[in-house]
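**Student:** predicted model, plus sequence, below.
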Amino acid sequence: MRHRAKLGWSALLLLGLAFPFVAADDYQLTVMSTAYIYAIATVGLNLITGYTGQFNLAHSGFMAVGAYTVGILTVDYQVSFWLAFALSGLAAAGLGFFVGLVSLRLKTHYFSIFTMCVGYIMYLLIEKWESLTHGAGGIVGIPAPESFAGLDFSEPRTQYYLVLVFLAASMWLMHRIIASLLGRTFMAIRNGDELAQALGINLMRNKLLAFMLSVFFAGLAGGLYAGYVRFLGPDIARIEQTFDMTMYMLVGGIGTMLGPLLGAIGMPWLTQQLQFLQDYRFVVFGPLLVVLVIFLPRGVVGTWMAWRRRKAPLSKAAPAARVAGVKEVSRA
């Protein structure tokens, strides 16, 4: 099983490496690179929502914190991109510590409502605090990542591979977290606070850690986004961005490793294919999502995994039945 999983992930990586050679133009590279960036943020949201059971509606706000950390430091203070990028995740995680310290005392929908309010406050601060964030006009002229090992990251293809490297690293790191004792602790909390406490788990400490790790990924995604598009506006902090990432999780499969990745890559391409419908594309897109949620409530990957689990006992039972039949025949 593990061997097959490794082969599957390797195949996905090879497809990612080969994509620039089959892409029709730079626009397709841009669409895919942006999808990769949002996949990193969605993987982070999946950690706190899918694996820990806390629905954070301020996730796009923390992505904006990472993006504006890069934008402000590089444009206003001439800090190198790589140093600003390293600080983007730390800035989001640091702010996440204080937000989580307050919000995680709440449970279920109360936590979600509180984080929604926090996210809206973050959006208003970005829009109104002109002396720091440049206000509604946004930050223009963010420099591309400095060249490294002779690679010019101002070119679309090298930018694509840079984002792909960070996506692969994020997926590997998330896999290590989920497969560890810490990941099982998060899942125990998701299954019930009382059960987790009975196992001796410190709820507040582990929820806070999951929250900080989650927004750390969002901050890194925001930092990459700033260096890629090289312009920032307050819209990156809108709650609609969090809803988009939630949709990617639900379609792909919440609480799975592969689901958020496939959702974050597949859904933008689906919307691109529906561009010919212009103003009517959401009339088609909306019912498609409703049908998907009704018939595949666990998402594409979640449904496939559930089918595999149901199939496994049957495949194990079949050889046992054949052995029992042979024994009966030999006795006769």
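**Tutor:** Now that the structure is in, tell me what you want to look at. Residues are numbered from 1 along each chain as shown.

**Student:** show me what contacts residue 60?
**Tutor:** For residue 60, the contacting residues are 41, 119, 218, 236, 237, 238, 239, 240, 241, 242, 245, by CB atoms under 8 Å, 6 or more residues apart in numbering. Bear in mind the C-beta positions are built from the backbone N, C-alpha and C, glycine included.

**Student:** tell me which residue lies nearest the centroid of the protein.
**Tutor:** Nearest to the mean C-alpha position of the chain, by CA atoms, centre = their mean, lies residue 42 at 1.6 Å.

**Student:** what mean pLDDT does the helix or strand encompassing that residue get?
**Tutor:** Using DSSP states H and E, residue 42 maps to helix 26-46. Helix 26-46 shows a mean pLDDT of 95.

**Student:** do a quick rundown of the helices in the stretch 101-250 of the chain.
**Tutor:** Using DSSP state H, counting those that start in this stretch, the helices found in the stretch 101-250 of the chain span residues 108-128, 130-133, 156-179, 181-191, 193-198, 203-229, 239-252.

**Student:** tell me which of the ones you listed sits most buried.
**Tutor:** Highest mean neighbour count of the helices of the stretch 101-250 of the chain: helix 203-229, a mean of 25 (counted as mean count of other CB atoms under 10 Å).

**Student:** correct me, but the residue nearest to the centre of the chain touches residue 245?
**Tutor:** Yes. At 4.5 Å, residue 42 and residue 245 qualify as touching, with contact defined as CB atoms under 8 Å.

**Student:** what sits closest to residue 162 if chain neighbours are left out?
**Tutor:** Distances taken as CB to CB, 6 or more residues apart in numbering place residue 153 nearest to residue 162, at 5.7 Å, with adjacent residues excluded.

**Student:** if you could redo that for residue 222, that was the one I meant.
**Tutor:** Nearest non-adjacent residue to residue 222 (CB to CB, 6+ apart): residue 66, at 3.0 Å.

**Student:** can I assume the residue nearest to residue 162 is in contact with residue 159?
**Tutor:** Yes. The criterion here is CB under 8 Å, and residue 153 meets it with residue 159 at 5.6 Å.

**Student:** tell me how many other residues surround the residue nearest to residue 162.
**Tutor:** Other residues within reach of residue 153, judged by other CB atoms under 10 Å, total 18.

**Student:** and residue 10, by the same measure?
**Tutor:** Neighbours of residue 10 (other CB under 10 Å): 10.

**Student:** which residues touch it?
**Tutor:** Applying CB under 8 Å, 6+ apart, no residues contact residue 10.

**Student:** confidence score at it?
**Tutor:** As predicted, residue 10 sits at a pLDDT of 90.

**Student:** distance from the helix or strand hosting it to the middle of the chain?
**Tutor:** For residue 10, the element it lies in under DSSP H and E is helix 2-22. Distance, stretch centre to chain centre, for helix 2-22: 19 Å (CA atoms, centre = their mean, to the nearest Å).

**Student:** neighbouring contacts of stretch 50-59?
**Tutor:** So stretch 50-59 is in contact with 41, 44-45, 48-49, 99, 104, 109, 111-113, 115-116, 118-119, 122, 178, 183, 186-187, 189-191, 206-207, 210-211, 214-215, 218, 239, 241-242, 245-246, 249, 254-256, 260, going by CB under 8 Å, 6+ apart.

**Student:** hang on, the earlier thing: of all the contacts of residue 60, which comes closest to residue 266?
**Tutor:** Nearest to residue 266, judged by CB to CB, of those is residue 245 at 13.4 Å.

**Student:** wait, the closest one sits on residue 40?
**Tutor:** No. Residue 245 is beyond contact range of residue 40, at 10.3 Å (criterion: CB under 8 Å).

**Student:** how about the helices of the stretch 101-250 of the chain in TSV, adding mean pLDDT and distance to residue 19?
**Tutor:** Shown next, in TSV, are those (pLDDT from 0 to 100; distance: least, CB to CB, whole Å):
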stretch	mean pLDDT	distance to residue 19
helix 108-128	95	33
helix 130-133	94	34
helix 156-179	95	8
helix 181-191	94	30
helix 193-198	90	41
helix 203-229	96	16
helix 239-252	92	19
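
**Student:** can I get the ones you listed in CSV with distance to residue 270?
**Tutor:** Shown next, in CSV, are those (distance: least, CB to CB, whole Å):
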stretch, distance to residue 270
helix 108-128, 26
helix 130-133, 33
helix 156-179, 19
helix 181-191, 29
helix 193-198, 37
helix 203-229, 21
helix 239-252, 9
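
**Student:** out of those, which is closest to residue 34?
**Tutor:** So among the helices of the stretch 101-250 of the chain, helix 203-229 is nearest, using CB to CB, at 7.3 Å.
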